[in-house]
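Enquirer: Here's a sequence, model it:
(4 chains)
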Protein chains: 2
Amino acid sequence: MSMSNIHVAIIEDDPEIRKLMEIVIDGSPGFSCFHTYEDAESALIGLPRYKPHLVLMDIHLPGMNGIECTRKLTSLLPDTQIIMLTIQEDDDSVFDSLCAGASGYLIKSTPPAQLMEALEEAHRGGAPMSPQIARKVVRSFRPKSQSPLSERETEVLALLCKGENYRSVADALFVSTNTVKAHIKSIYQKLQVNTRAEAVSQALRDKLI
Amino acid sequence: MSMSNIHVAIIEDDPEIRKLMEIVIDGSPGFSCFHTYEDAESALIGLPRYKPHLVLMDIHLPGMNGIECTRKLTSLLPDTQIIMLTIQEDDDSVFDSLCAGASGYLIKSTPPAQLMEALEEAHRGGAPMSPQIARKVVRSFRPKSQSPLSERETEVLALLCKGENYRSVADALFVSTNTVKAHIKSIYQKLQVNTRAEAVSQALRDKLI
DNA sequence: AACAAAATTACCCAAATGGGTCATGGCGAT
DNA sequence: ATCGCCATGACCCATTTGGGTAATTTTGTT
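Expert: Next comes the predicted model:
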């Protein structure tokens, strides 16, 4: 039944690839591809009316790129799943894509059968991506390097992240404000910073806390 | 050939599940399970000698839990891939596990065939996890809510994250320090904070920048 | 036993920060 | 045209912060 089919839209500037994907999708039972676009701008105008279930988005588009288009599309169509397509396996734009709201990340050379499996998975609430990309994403949660801070210093830094000042940190740790000052000075030296904001920023970025 | 087999260790306190998994793994061509442990403490003593390729780690262990054990194990054996096992599909500990260094996250009821596929994938450099978990992980990259800040305020906040002060922010944006002060005051009001550290902390946490 | 690192506390002082209040001009929406 | 938001700028003042220097005690490791 066409009514219950999964509707897929394609945004891809290469006419050959676009046509090829359209044929693969339309030829798959349970899927329909009614709308294809060759650039981000026309997709942003057309798509809000059609509310597709899935969008296959080329990352490299002429004019507005696929990541910026994803950012705009997710706020226009929060229920539409967007899957990025890229040529490079180890593309650095994977994190930018996920931050922009993409649900998956595939390479263009993915064979038709696997592409359809990925679309199926995306529609079922998954996040299809190649194993290498998945590992990269998972690794991003780990601390990048061994923390140079002592346990106590880490405790202090965690409190600074909550916006506490000398006085309240001191109270929380049952020490004097002078001690807190000493710890903070030591933290600054080790992290090579000289303000709280920078220390907090680095702590969160490098997952020291 | 046993020498080139993928060596899997199991850390699981339930003797039945442990034995079952051991049988499944040993019965799979290309895999061997030489070492099993019923708690984190004995695993941490035993494993460094054997350096398995993969570890199946139960999250809920008596004594030290699986996440803490993962943290210690990844620093002892950085080349060993650790895959977490849990009963709950939507366990909140997935992020803690990944931060601790886990490479995958499976539920215990995963059928043997899929379990072995996941182990294969982990060993090939992937990050096996259920589609629901994958989506959860991917979603964590998105900003949680619409930013209340204006464009200019966001610019200022980004500079504060780099540790800049009134003077340097003012220079970077070609405005007076008083204007920067005004922007910062406005940021504080909107974010309901009253120090830089807290503003920066919230900005990075909520992905406002 | 000796040494290094960490935790603790103290004091001085200059600079940075945060709060309060006010004012002007531009711009979009009602 | 009026209201609200935004960006810009200014001034005062109390508090907080960061840098310098120094000392004691605990703890862990040779």
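Enquirer: So is stretch A:182-198 next to chain B?
Expert: Yes - part of stretch A:182-198 sits near chain B under the criterion CB under 8 Å from any CB of the partner chain, namely A:193-198. Any C-beta I mention is one placed from the backbone N, CA and C, and that applies to glycine too.
Enquirer: what's the farthest-apart pair in these?
Expert: A:194 and A:197 (10.2 Å; CB to CB).
Enquirer: thinking again about what came up before, which of the residues of stretch A:182-198 next to chain B lies closest to chain B?
Expert: residue A:198 (2.9 Å; CB to the nearest CB).
Enquirer: In three-state terms, how would residue A:84 be classified?
Expert: Counting by DSSP: H, G, I helix; E, B strand; the rest coil, the backbone at residue A:84 sits in strand.
Enquirer: hey, what's it bridged with?
Expert: Beta-bridge partners recorded for residue A:84 (DSSP bridges): residue A:57, residue A:105.
Enquirer: quick revisit: spit out the residues that contact residue A:194 and residue A:197 alike.
Expert: Counting by CB atoms under 8 Å, 6 or more residues apart in numbering or on different chains, the contacts common to residue A:194 and residue A:197 are residue B:163.
Enquirer: hmm, back to that, any quick ChimeraX command for the buried ones out of the residues of stretch A:182-198 next to chain B?
Expert: The ChimeraX selection below is limited to those of those classed as buried (16 or more other CB atoms under 10 Å in any protein chain shown):
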select /A:193,195,196,197,198
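Enquirer: Residue A:14: how many residues sit nearby?
Expert: Look at residue A:14: counted by other CB atoms under 10 Å in any protein chain shown, it has 13 neighbours.
Enquirer: swap in the one 10 residues further on?
Expert: Using other CB under 10 Å, residue A:24 is surrounded by 18 other residues.
Enquirer: Tell me if I am right that it is in a strand.
Expert: No - with three-state DSSP as the criterion, residue A:24 is helix rather than part of a strand.
Enquirer: gap between the spatially closest residue to it that is not a sequence neighbour and chain B?
Expert: Spatial nearest neighbour of residue A:24, chain neighbours left out: residue A:112 (4.6 Å); criterion: CB to CB, 6 or more residues apart in numbering or on different chains. According to CB to the nearest CB, to the nearest Å, residue A:112 and chain B sit 20 Å apart.
Enquirer: which residues touch the closest residue to residue A:37 other than its chain neighbours?
Expert: Of all residues not flanking residue A:37 in the chain, residue A:43 sits nearest, at 3.9 Å (CB to CB, 6+ apart). If you count contacts by CB under 8 Å, 6+ apart, residue A:43 has them with A:9, A:11, A:37, A:55, A:69, A:73.
Enquirer: now the helix or strand hosting residue A:43: mean pLDDT?
Expert: Assigned by DSSP states H and E, residue A:43 belongs to helix A:40-50. Taken as a whole, helix A:40-50 carries a mean pLDDT of 94.
Enquirer: Render the CA-only coordinates of that helix in PDB, please.
Expert: Extracted in PDB, the C-alpha atoms of helix A:40-50 (Å, rounded to 0.1, in the frame of the first residue of the first chain):
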ATOM      1  CA  ALA A  40      19.800  22.600  -0.400                       C
ATOM      2  CA  GLU A  41      17.900  25.800  -1.200                       C
ATOM      3  CA  SER A  42      15.200  24.200  -3.300                       C
ATOM      4  CA  ALA A  43      14.900  21.300  -0.800                       C
ATOM      5  CA  LEU A  44      14.200  23.700   2.000                       C
ATOM      6  CA  ILE A  45      11.400  25.300   0.100                       C
ATOM      7  CA  GLY A  46       9.800  22.100  -1.200                       C
ATOM      8  CA  LEU A  47      10.200  19.600   1.700                       C
ATOM      9  CA  PRO A  48       8.200  21.200   4.400                       C
ATOM     10  CA  ARG A  49       5.000  20.500   2.400                       C
ATOM     11  CA  TYR A  50       5.800  16.800   1.900                       C
END
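Enquirer: May I have the longest helix anywhere in chain A as CSV, with CA atoms only?
Expert: The single longest helix within chain A, with elements called by DSSP state H, is helix A:177-191. This file holds the C-alpha atoms of helix A:177-191, laid out as CSV (Å, rounded to 0.1, in the frame of the first residue of the first chain):
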residue,chain,number,x,y,z
THR,A,177,39.4,29.7,51.1
ASN,A,178,43.2,30.1,51.0
THR,A,179,43.5,26.3,50.4
VAL,A,180,41.0,26.5,47.5
LYS,A,181,43.1,29.4,46.1
ALA,A,182,46.2,27.3,46.2
HIS,A,183,44.4,24.4,44.5
ILE,A,184,43.1,26.7,41.8
LYS,A,185,46.5,28.2,41.2
SER,A,186,47.9,24.7,40.8
ILE,A,187,45.1,23.8,38.3
TYR,A,188,45.9,26.9,36.3
GLN,A,189,49.6,25.9,36.1
LYS,A,190,48.9,22.4,35.0
LEU,A,191,46.3,23.3,32.4
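Enquirer: quick one: the helix or strand just after it to helix A:177-191, angle?
Expert: Downstream of helix A:177-191, the first helix or strand assigned by DSSP H and E is helix A:196-205. Per axes from the mean of the first three to the mean of the last three CA atoms, to 10 degrees, the angle that helix A:196-205 makes with helix A:177-191 is 60 degrees.
Enquirer: So which residue is smack in the middle of chain A?
Expert: With distances taken as CA atoms, centre = their mean, residue A:98 lies nearest the centre of chain A, 1.7 Å away.
Enquirer: Would you confirm that it contacts residue B:138?
Expert: Yes - contact criterion CB atoms under 8 Å: residue A:98 and residue B:138 qualify, at 5.5 Å.
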